[in-house]
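# Sharing a model prediction with you, sequence too.
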Amino acid sequence: MKNLIAGNWKLKGSPDLADSYISHLSKTKPDNCTVVVCPTFDLLEYICDKWSSEFGHLGAQDCFHEDTNYNDGLRTPDEIVSKGTSYIILGHSDRRNKCHETSELVRKKVDLVWDKGLIPIVCVGEKSDERKQNLTQKIVNKQITESLDFDNLRGPFVIAYEPVWAIGSGNTPTMEEIGEVHDEIRKLLVDLTCPTRGHNIPLLYGGSADDQNAGSILSVENVNGLLIGGASLNIQKFGAIIECA
Ligand code: PEP
């Protein structure tokens, strides 16, 4: 499968950054990998008019878990889809840990966005203290099992393994550690689905991945792409990561 390189701008980004992406991607038109760019909703409004499918896909960050406009603040999947998105990041560690979002809530969102034709990028990962207690795989497997309804998978999905302690810290696990976790996730997905499906679910690594370490991480077995935060705020770095893929 092609690598998937997703940029998560979080609450950063600007029209200038969006313009730098448009300018770069219109020249490079990457087809070696699947590119997904996830700006804030406001910037999605800005970028979607200038976006071409030759650049890759647009994605969103989170959504409300019910199909109604009667909510305060969070965007609904319908609003998100109206901006030309095809992917959505759900269960990011910021949501799980800073907003106390449970896997049960992530699962509701996954079901809802499938109904709208979006592909969820479901984030999972252990905290530093959980890692120290050797609980990484237990936590990751539990989050995956509980964040998706494996008895009724109604659409495609992507898993992003993002150790919480690695996000934005400049630290990453070793390549061996990334490989071990991804191998176990692959086994779990094969068990929960079937070999054909389980082997074709893209598994991304995220957490301080950048243009310097992308090549090494992407060469690890069962890593099928990267979820990039900080380094996606610079098109030169993000462009170099796309080239690595
Ligand atoms: C993220 O926020 O999902 C992320 C991976 O951030 P960073 O690349 O900055 O660690």
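Received, thanks. Numbers count the residues shown, from 1 in each chain.

# Contact residues of the chain facing the ligand?
8, 10, 162, 167-168, 206-209, 227-231 (CB under 6 Å from any ligand atom). Quick note: C-beta positions are derived from backbone N, CA and C, even for glycine.

# and those residues as TSV, adding neighbour count and pLDDT?
What follows is these, written out as TSV (neighbours: other CB atoms under 10 Å; pLDDT from 0 to 100):
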residue	neighbour count	pLDDT
N8	27	98
K10	18	95
E162	25	98
I167	22	97
G168	14	96
G206	26	98
G207	26	98
S208	23	98
A209	29	98
L227	26	98
I228	27	98
G229	23	98
G230	18	97
A231	20	98
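
# List the buried residues for stretch 193-202?
Buried residues in stretch 193-202, counted by 16 or more other CB atoms under 10 Å: 193, 198, 201-202.

# any idea of the mean pLDDT for that stretch?
Stretch 193-202 shows a mean pLDDT of 97.

# Kindly export that stretch (C-alpha atoms) in PDB.
The C-alpha coordinates for stretch 193-202 follow below in PDB (Å, rounded to 0.1, in the frame of the first residue of the first chain):
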ATOM      1  CA  THR A 193     -11.100  -8.400  11.000                       C
ATOM      2  CA  CYS A 194      -9.600 -11.000   8.600                       C
ATOM      3  CA  PRO A 195      -6.100 -11.300   7.100                       C
ATOM      4  CA  THR A 196      -7.000  -9.500   3.900                       C
ATOM      5  CA  ARG A 197      -8.600  -6.600   5.600                       C
ATOM      6  CA  GLY A 198      -6.300  -6.500   8.600                       C
ATOM      7  CA  HIS A 199      -3.100  -6.300   6.400                       C
ATOM      8  CA  ASN A 200      -4.500  -3.400   4.400                       C
ATOM      9  CA  ILE A 201      -5.500  -1.000   7.200                       C
ATOM     10  CA  PRO A 202      -2.900   1.800   7.100                       C
END
